[in-house]
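Q: Task: produce atomic coordinates for the following.
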Amino acid sequence: MIAISPERRRKQSGSITIEYALVISIFFMLIYGFIQFCLILFTFNNATYASRIAVRYAVVHGSSASYSCTTTDISNIITPLLWGAPSGATSISTTWSPNHSPGSTVTIKVGVQFTPQLPFFPSKIFYVGATAIGTIIQ
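A: Model prediction:
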C-alpha cells in the first residue's frame with residue numbers, strides 16, 4: 001500500500017469536488033439530450049401511426065361506400081392521435097388520385113413541428129413527418 005503524505009492530501013482535497021462537478025454536469029446534459037431525442041422519436045411514431053390509421057379509414061370509405069370520407073373526417077381522425085403535439089404545429093394533407101372511386105389511391109401526409117428544450121443551445125424547430133398511401137377498395 002502506498003502512503004500519501006498529509007501535505008499532498010491537503011493540496012488535492014478540492015480537486016475531487018471540481019472533477020465531480022464537471023463530470024456530473026456533462027452526464028446530466030447527455031441524459032437530457034437523450035430524453036429530448038426520445039421525445040422527437042415519440043412524435044415521429046405518433047405521426048406515422050396517425051397517418052396509417054387515417055389511410056385505413058379512407059380506403060374503406062371511398063365513393064362506393066355508404067359514407068364517403070372527406071378531408072375534415074381525416075383531420076378529425078388524426079388530431080386526437082397526435083399526443084402532446086401543439087394544435088398550431090401540425091399539418092395534415094390528404095390527396096386522392098385521381099378521385100374517391102375504388103382503385104384510386106389516397107395519400108395522407110402528417111407533419112408535426114417539434115422544438116426541443118435544450119439549455120445553452122439555440123432553439124431549432126424539427127419538422128417530423130410521415131406519409132401513408134393506400135388503394136381505395138370500397
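Q: Provide the secondary structure category for Ile137.
A: coil (DSSP: H, G, I helix; E, B strand; the rest coil).
Q: number of nearby residues for it?
A: Other residues near Ile137 come to 11 when the count uses other C-beta atoms under 10 Å. Every C-beta, even on glycine, is put in place using the N, C-alpha and C of the backbone.
Q: nearest residue to it other than its sequence neighbours?
A: Val59 (5.5 Å; C-beta to C-beta, 6 or more residues apart in numbering).
Q: Check what pLDDT that neighbour gets.
A: What the model reports as pLDDT for Val59 is 95.
Q: That one reaches Thr107, doesn't it?
A: No: using C-beta atoms under 8 Å, Val59 makes no contact with Thr107, being 11.4 Å away.
Q: Quick check: the residue positioned nearest the centre of the chain vs Ser64, distance?
A: Central residue of the chain (C-alpha atoms, centre = their mean): Thr43, 1.9 Å from the mean position. Distance from Thr43 to Ser64, counting by C-beta to C-beta, to the nearest Å: 36 Å.
Q: For Ile92, give me phi and psi.
A: phi -130, psi 130 (degrees, to the nearest 10).
Q: who does it bridge with?
A: Val110 (DSSP bridges).
Q: who's in contact with it?
A: Going by C-beta atoms under 8 Å, 6 or more residues apart in numbering, Ile92 touches Ile74, Ser75, Ile78, Thr79, Ile108, Lys109, Val110, Gly111.
Q: Distance check, it against Ala85.
A: For Ile92, the distance to Ala85 - C-beta to C-beta - is 11 Å.
Q: so what's Leu118 closest to, chain neighbours aside?
A: Leu118's closest residue in space is Gln36 (C-beta to C-beta, 6+ apart), at 6.1 Å.
Q: Any of the contacts of Ile92 buried? List them.
A: Ile74, Ser75, Ile78, Ile108, Lys109, Val110, Gly111 (16 or more other C-beta atoms under 10 Å).
Q: Mind naming the longest helix for the chain?
A: helix 15-60 (DSSP state H).
Q: Which strands or helices does that helix pack on?
A: Packing partners of helix 15-60 (3 or more C-beta pairs under 8 Å, 6 or more residues apart in numbering; DSSP states H and E): helix 71-78, strand 105-114, strand 126-135.
Q: With that, I have no additional questions.
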